[in-house]
Structure formats: C-alpha cells, structure tokens
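Trainee: starting from these lines, generate the structure:
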Amino acid sequence: MHLDHTPGNGGTHTHTPPAPAVPGSRPLRIGIGGPVGSGKTALVAALCRVLADRFSLAVVTNDIYTTEDADFLRAAGVLAADRIAAVQTGCCPHTAVRDDISGNLDAVEDLAAAHPDLDLVIIESGGDNLTMTFSRGLADVQMFVIDVSGGDKVPRKGGPGVTRSDLLVINKTDIAPQIGADLAVMDRDAARMRPGTPVAFLSLRESPGADVVTAWVLDQITAWQAGTAVPVAAPTPLSSTAGSAAG
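Mentor: Model (predicted):
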C-alpha cells in the first residue's frame, strides 16, 4: 500500500505527486501506451529481445480483466517469467497508469526488490484512446504507439497521447499502401502537432529489432544512468524514415 495514494471523498483516488526521482538513483521507467491493436506488446517484446543482453530489464503489463499481454511475453520467452508482472486494472487502462498508479507502483517495487540490479522497467498500458498519458510519478519518459490502420488522419486528431508523449511511434508502416495511408501526410501532421519532439516510423516486419525505437531507448538509458535529466530528444530526426517509406 502506497501512502501517497489514498482514497478521497466519493471513492475516487487522489495522490500527492512523489518527489522527482534523481536520474540514476533507481531503474529508468519507460511507459508505452496507445490504442488497442497498435502493436505495443510486440514492440515491448522486440525491445526486450534486443536489450536483455545488455541491461537488466523487467516489464509490467496492464490489462483490464486478464493477464493476456504478460502471458504473451512469457510465452515468447523474451525475459525470464519472474521479470514480467501483470496488473489487472479492472477499469479504464489509463486510470491505472495516470490517476491511481498504486497498483503499478507496487508491481514496479516488487520487481526492483526481486532484481536489485534493474536498469530499466518497461510499463505497458492496456489499450486506450488518444487521451492516454502516464503519470510522471510512474513513468520517467513515455512513448505513444499508433498504427497506420486507423488512416493517415490519426496524428492530426491530436490528443494528449499524440501531443505530450516523449516519443510518438507510428507503427505498421508496411501495410500503408494496402489501406491507402499516406506516410508523408502522417509525418507532416505529427510534426505540426508535436513540434520539436521525435516521431518514429516503424515496421516490425521490416525491422524486427525496432531499430529506430531501440536507439531512442538507449539514449534514455544512457542519459538516466549518467544523471542527465530526461526526456532526451533524438539526436537525428526519427521521422526521416517516413520519406523513404512513403516513396
């Protein structure tokens, strides 16, 4: 039970924001959110496969009623089973990562106690809409994953997930031609909605190691361990891949 997450009047939950973490004083926490089916769990699996040989990792998943995403990751063998924790939110997924984060904090703290050498904890939200964001008391940096199946209009629809995330990932670019999504339009609109913050275009079929996202995550880990404030912007425009994909 976290004392900074106490029931308020009317049964709602309020919490006093914790003191900002000192970079390097504990494992970096990266939150990954996005709509159902955008490819969050597949991206988490790809990151674990690439990074597990270099860093000590753990994952917390969130599902409303099941442990589906955690079960998928365990079955895929991307990490040892005891490094994957499942939170059943029983409510809208963003509530558990933005409003009453106590369940996720418990899971993170249990993983850290079991694995004192942790470098990184990835926290995957359950699938939600464009309003989803993580509490900064839970995630130090956050990425938001959308995919092209919703059409090229999604970035310009905005919403906190699109506009406030530290990295916007536009996933499944390989199917853009089949559904008539214009990646150049998505690139333009994403840049307009989130000026100065990075956008990554990704196809896990073409890049199973999620190279462009992995590079961003590595920058975050390096900065955190060096005691540098995060988030860290990408050193090169990640959205540059859109041009070649659209061509």
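Trainee: any weak-confidence spans in the protein?
Mentor: Residues of the chain that meet the criterion pLDDT under 70 lie in 1-21, 24, 229-247.
Trainee: change it to 80
Mentor: The chain contains residues with pLDDT under 80 at 1-24, 228-247.
Trainee: tell me, what residue is most central in this structure?
Mentor: Per CA atoms, centre = their mean, the C-alpha nearest to the average position across the chain is that of Ile32, at 1.3 Å.
Trainee: in contact with it, which residues?
Mentor: Ile32 makes contacts with Lys40, Leu43, Val44, Ile122, Ile123, Glu124, Ser125, Gln142, Met143, Phe144, Val145, as judged by CB atoms under 8 Å, 6 or more residues apart in numbering. C-beta coordinates here come from the backbone N, C-alpha and C atoms, glycine included.
Trainee: which parts of the host helix or strand of Ala184 are buried?
Mentor: Per DSSP states H and E, Ala184 falls inside helix 183-193. Residues Leu183, Val185, Met186, Asp187, Arg188, Asp189, Ala190, Ala191, Met193 are the ones in helix 183-193 that count as buried (16 or more other CB atoms under 10 Å).
Trainee: and the contacts of Ile32 as a markdown table, adding neighbour count?
Mentor: As requested, those are exported to a markdown table (neighbours: other CB atoms under 10 Å):
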| residue | neighbour count |
| --- | --- |
| Lys40 | 26 |
| Leu43 | 23 |
| Val44 | 27 |
| Ile122 | 26 |
| Ile123 | 28 |
| Glu124 | 27 |
| Ser125 | 32 |
| Gln142 | 25 |
| Met143 | 27 |
| Phe144 | 30 |
| Val145 | 29 |
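Trainee: span of stretch 167-187 from start to end?
Mentor: 13 Å (CA to CA, to the nearest Å).
Trainee: oh, I was asking about stretch 138-157
Mentor: Stretch 138-157 has an end-to-end distance of 26 Å (criterion: CA to CA).
Trainee: which positions within it qualify as buried?
Mentor: Neighbour-count burial for stretch 138-157 flags 138-150, 152, 154-155 (criterion: 16+ other CB under 10 Å).
Trainee: nearest to Glu109 among those residues?
Mentor: Minimum distance to Glu109 across the buried residues of stretch 138-157 is 11.3 Å, recorded for Leu138 (CB to CB).
Trainee: and the gap between the closest one and Thr61?
Mentor: 14 Å (CB to CB, to the nearest Å).
Trainee: cool, Arg156 as well?
Mentor: Distance, Arg156 to Thr61, using CB to CB: 30 Å.
Trainee: equivalent analysis for Gln225, please.
Mentor: Remark: distance between Gln225 and Thr61 (CB to CB) = 24 Å.
Trainee: who's more crowded, these two?
Mentor: With neighbours defined as other CB atoms under 10 Å, Gln225 and Thr61 compare such that Thr61 has more, 29 against 15.
Trainee: surely the more buried one is in contact with Gln88?
Mentor: No - in this structure Thr61 lies outside contact range of Gln88 using CB atoms under 8 Å: 9.7 Å.
Trainee: ok, back up a step: let me know the closest of the buried residues of stretch 138-157 to Thr214.
Mentor: The shortest approach to Thr214 among the buried residues of stretch 138-157 belongs to Met143, at 11.7 Å (CB to CB).
Trainee: contact partners for the closest one?
Mentor: Met143 is in contact with Ile30, Gly31, Ile32, Gly33, Ser165, Asp166, Leu167, Leu168, Val169, Val213, Trp216, counting by CB under 8 Å, 6+ apart.
Trainee: among the residues you listed, which pair sits farthest apart?
Mentor: Greatest spatial distance in these: Gly33 and Trp216, 15.4 Å, computed using CB to CB.
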